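In: what follows is a predicted protein model with its sequence.
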Protein chains: 2
Amino acid sequence: MVKGSKSSKNDNFMGASTKQGYEIALKSRDIVKSLISDKISHRSPEERSIIERIVHSTADVEYASLTKMSSDFIQKSLESVKAGKDLLTDINMVKTGINKYEGSVECYINNAETLKLSKNCGITRAASAMRIAAMQGFEGMVVIGNSPTALFEVIKLVENDEMNVESVVGVPVGFVGAAESKMKLHKTDIPHLITEGPKGGTPVAVAVANSIIRLSKELL
Amino acid sequence: MVKGSKSSKNDNFMGASTKQGYEIALKSRDIVKSLISDKISHRSPEERSIIERIVHSTADVEYASLTKMSSDFIQKSLESVKAGKDLLTDINMVKTGINKYEGSVECYINNAETLKLSKNCGITRAASAMRIAAMQGFEGMVVIGNSPTALFEVIKLVENDEMNVESVVGVPVGFVGAAESKMKLHKTDIPHLITEGPKGGTPVAVAVANSIIRLSKELL
């Protein structure tokens, strides 16, 4: 259904919204497929479309092998998005990139309460933002593209039954804690997608979220 | 001066704004230095600090060799930023990431005029946004993290004396046109930074812009 789906300008295919942009995106998809199709041939059509979009967005074919999903990630994410549940991002760059969701995309990084909690508890703002979201009754898909400490916090909140998470896109980036936070998520029962190792980042997070949103419309 | 500069929480060192975030950023900087210092030892302190921040932001050491700057890029960019001239980004994700500039950060991608011009001229929205900025009298540093067509447009506008550009951070990403657009910029007299090949993207663009902004404060 992914492969055969029709796309129009309004579909915002791979971020394109004009004829010219759409043609570039189509050409890019063909190149991406030629570069990684053998590496992802064992994956489901939905998984392939997500990984193709990550590679399209990063021009980094390594993500074909670095990207891991729990077997329930796509189903749980689609259910959450189809139900219109909130998305929660760690930083505003990720929020800004998720620009076609009909539901709400939340980011608490700059909230006054986040800053206060961060200072009081001696934790990063990104971790504090996750705690504030949980306290405010967040329920939905979490999309972390930058901060390992935010991902560690989400895992802890879920394990303590303090946060209602349908799925987690856990792709923080960096040499300090990112790989460890993703490996920790990978060992939990939380429906998730990760990129192994230090690599990841906002374009990866946005690519996955936008893929899920697009798939939710195609599969309605 | 980069190496020896003192940093406090308020400096927002490498994006960190809390004690915990600052400690992570410092640790990351040490790891980044250990990974790439031999590859960038021939560069100036300012160039090294920019490249270190790119690698910190992407966890991709390849940028140590992919990043190229014209000899006047840092000076022209610092002059532009110190004078408080505008920054112009191709997409809103880049704008969102540049969050410590005291001047104005502009992005015309969603303007009504951009959409109209895009349809009328059969060009992408990102290219159209550059043309609209030029028509509105933009003058300053251009930061392109996503769209090759925006970069091609900026080069054309500058060569036609239709745009006042102090410097260009040209790091669009992707398999269609990105490498070519950057190579074209590299051959011009425009003060510029590029990443060779298909790789680049919003975190690279944001890392460079934020580095320049930070350097402009240290060097005042």
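Out: Now that the structure is in, tell me what you want to look at.

In: first vs last residue of stretch A:116-127, how far apart are they?
Out: End-to-end span of stretch A:116-127 (C-alpha to C-alpha, to the nearest Å): 12 Å.

In: what about A:Thr67, neighbour count?
Out: 22 (other C-beta atoms under 10 Å in any protein chain shown). Quick note: C-beta positions are derived from backbone N, CA and C, even for glycine.

In: swap in A:Leu215?
Out: If we define neighbours as other C-beta under 10 Å, then A:Leu215 has 22 of them.

In: what sits against it?
Out: A:Leu215 makes contact with A:2, A:46, A:49-50, A:74, A:78, according to C-beta atoms under 8 Å, 6 or more residues apart in numbering or on different chains.

In: pLDDT wise, what is it at?
Out: pLDDT for A:Leu215: 96.

In: give me the buried positions along the strand or helix carrying it.
Out: Of the helices and strands defined by DSSP states H and E, A:Leu215 is found in helix A:202-218. Within helix A:202-218, the residues that qualify as buried are A:202-216, counting by 16 or more other C-beta atoms under 10 Å in any protein chain shown.

In: nearest to A:Leu35 among those?
Out: Nearest to A:Leu35 out of those is A:Ala207 (C-beta to C-beta; 15.6 Å).

In: tell me the secondary structure for A:Val142?
Out: Three-state assignment for A:Val142 (DSSP: H, G, I helix; E, B strand; the rest coil): strand.

In: which residues does it contact?
Out: A:87-89, A:130, A:154, A:165, A:167-170.

In: of those residues, list those near chain B.
Out: Among the contacts of A:Val142, not one lies near chain B by C-beta under 8 Å from any C-beta of the partner chain.

In: quick revisit: among the contacts of A:Leu215, name the ones in helices.
Out: With DSSP state H as the criterion, helices contain A:46, A:49-50, A:74, A:78 from among those.

In: and the two most separated of those?
Out: A:Ser49 and A:Leu78, at 12.1 Å, using C-beta to C-beta across the ones in helices among the contacts of A:Leu215.

In: ok, the two, which is more surrounded?
Out: A:Ser49 (23 against 20).

In: surely the more buried one touches A:Ser211?
Out: Yes - using C-beta atoms under 8 Å, A:Ser49 makes contact with A:Ser211 at a distance of 6.1 Å.

In: double-check that A:Gly174 belongs to a helix.
Out: No - per three-state DSSP, A:Gly174 lies outside any helix segment and is coil.

In: list the residues that contact the closest residue to it other than its chain neighbours.
Out: In space, A:Gly174 comes closest to B:Ala59 once its chain neighbours are excluded; the distance is 5.4 Å by C-beta to C-beta, 6 or more residues apart in numbering or on different chains. Shown in contact with B:Ala59 (C-beta under 8 Å, 6+ apart): A:173-175, A:178, A:197-201.

In: for B:Ala59, give its distance to A:Pro148.
Out: Relative to A:Pro148, B:Ala59 is positioned 11 Å away (C-beta to C-beta, to the nearest Å).

In: ditto for A:Leu35
Out: Taken as C-beta to C-beta, the span from A:Leu35 to A:Pro148 is 29 Å.

In: run a quick neighbour tally on A:Lys184.
Out: Neighbours of A:Lys184 using other C-beta under 10 Å come to 17.

In: and the next element down the chain from the host helix or strand of it?
Out: Element membership for A:Lys184 (DSSP H and E) is helix A:178-186. Note on helix A:178-186: by DSSP H and E, the next helix or strand toward the C-terminus is strand A:192-195.

In: does chain B sit close to that following strand?
Out: No - applying C-beta under 8 Å from any C-beta, one finds strand A:192-195 separated from chain B by no less than 9.9 Å.

In: now do the helices in chain A.
Out: Using DSSP H, helices in chain A cover A:19-36, A:45-58, A:63-66, A:73-82, A:92-97, A:112-121, A:125-135, A:148-159, A:178-186, A:202-218.
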